[in-house]
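# can't give you the sequence, but here's the structure:
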């Protein structure tokens, strides 16, 4: 059997640039080289696409000094990546792309749209699922109709921040402090704040407005942070893993707590109140299907002391680092990282044939 050409993308222009570089090493190490020839392309924070040849270059950051630029052609008759080395151009056919890209310009439908134009199969959710799942407000609008409980919220637009008093009044009429304030369209908890009083609320609104023009103010949910991994979709039966718990070493599981605080811990298959784990698994599949998900996602919840389950958010390209919950949950279910990566790439190519 002849090998397929697989393109792996990492880096990107969002705040998750560093996380993508951490995730991609794990992905590359678990791709079956008997089935795939790899072309690895890093995207700088400025948006420059560069070919790299080794994990070492990704680890030490020297991939950014590479001399061979890469262009993914949107011409669907080519299905190729164009490598540019000075005046020399080489066309490399792409059979499948694994976009190990988190956050904006990677997980939000933009790269997915480019790949749709190019006619190249790719791992993960499509344009619609990626876009609405990245945008917390639109995810909430969809989940409102599912019968899945979620944190109550108020939507605020950036232009409203010119006069904060009416916003504060509306929030205080609906919620008690503390509340959480989030940019609608930003990843890894960037710009998220807890507000314990009206002055903190004003500060939080301004901070969130620096990250997106849409802002959510949510009621605080006192509960354990629980995550579930979803795999499959389309013609492939949808599976939900067991559950994992986040033990954050900070007030909430923000970017630094996730990736830089060694006191943050993850626990696979923790004990939960009777029935809560199954409720999480069923709700995860419902949310995934409602946003038209495909391939993979990590769906996050809160579980309260009484066993009630509250949806938090869905991530359509979850972290693949050594400590990331998504691969850990599937390993606990008996799916090795090699099998997981292989299945995701097979799903992508199967979808491309439909």
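Cool, the structure landed. Quantities reported herein were computed from a predicted structural model and do not represent experimental measurements.
# so what pLDDT did the closest residue to residue 90 other than its chain neighbours get?
Residue nearest to residue 90 in three dimensions, not counting chain neighbours: residue 83, with 4.4 Å by C-beta to C-beta, 6 or more residues apart in numbering. C-beta coordinates here come from the backbone N, C-alpha and C atoms, glycine included. What the model reports as pLDDT for residue 83 is 98.
# do residue 90 as well
pLDDT, residue 90: 97.
# Which strands border the host helix or strand of it, and is each parallel or antiparallel?
Assessed by DSSP states H and E, residue 90 sits inside strand 88-93. Sheet pairing for strand 88-93, assigned by DSSP bridges, gives strand 80-85 (antiparallel).
# List the buried residues of the partner strand.
Across strand 80-85, burial judged by 16 or more other C-beta atoms under 10 Å covers 80-83.
# And stretch 313-325, by the same measure?
Of all the residues in stretch 313-325, those buried under the rule 16+ other C-beta under 10 Å are 313-321, 324-325.
# After the strand holding residue 90, which helix or strand is next? Please name it.
Counting by DSSP H and E, the next helix or strand C-terminal to strand 88-93 is strand 96-99.
# which strands and helices sit next to that following strand?
For strand 96-99, the contact count by 3 or more C-beta pairs under 8 Å, 6 or more residues apart in numbering; DSSP states H and E identifies strand 4-11, helix 110-118, helix 337-353 as packing neighbours.
# Are there helices or strands packed against the last one, and which ones?
Using 3+ C-beta pairs under 8 Å, 6+ apart, the elements in contact with helix 337-353 are helix 17-29, strand 96-99, strand 224-233, strand 295-303, helix 325-332.
# now swap in the first one and tell me
In terms of contact count using 3+ C-beta pairs under 8 Å, 6+ apart, strand 4-11 is assigned the packing partners helix 17-29, strand 36-43, strand 88-93, strand 96-99.
# so which of these comes closest to residue 299?
Closest approach to residue 299 among the helices and strands packed on strand 4-11 (C-beta to C-beta): helix 17-29, 18.1 Å.
# In CSV: the helices and strands packed on strand 96-99, plus mean neighbour count and mean pLDDT.
Shown next, in CSV, are the helices and strands packed on strand 96-99 (neighbours: other C-beta atoms under 10 Å; pLDDT from 0 to 100):
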stretch, mean neighbour count, mean pLDDT
strand 4-11, 23, 97
helix 110-118, 19, 97
helix 337-353, 17, 91
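# what would these look like in TSV with distance to residue 47?
What follows is the helices and strands packed on strand 96-99, written out as TSV (distance: least, C-beta to C-beta, whole Å):
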stretch	distance to residue 47
strand 4-11	10
helix 110-118	11
helix 337-353	24
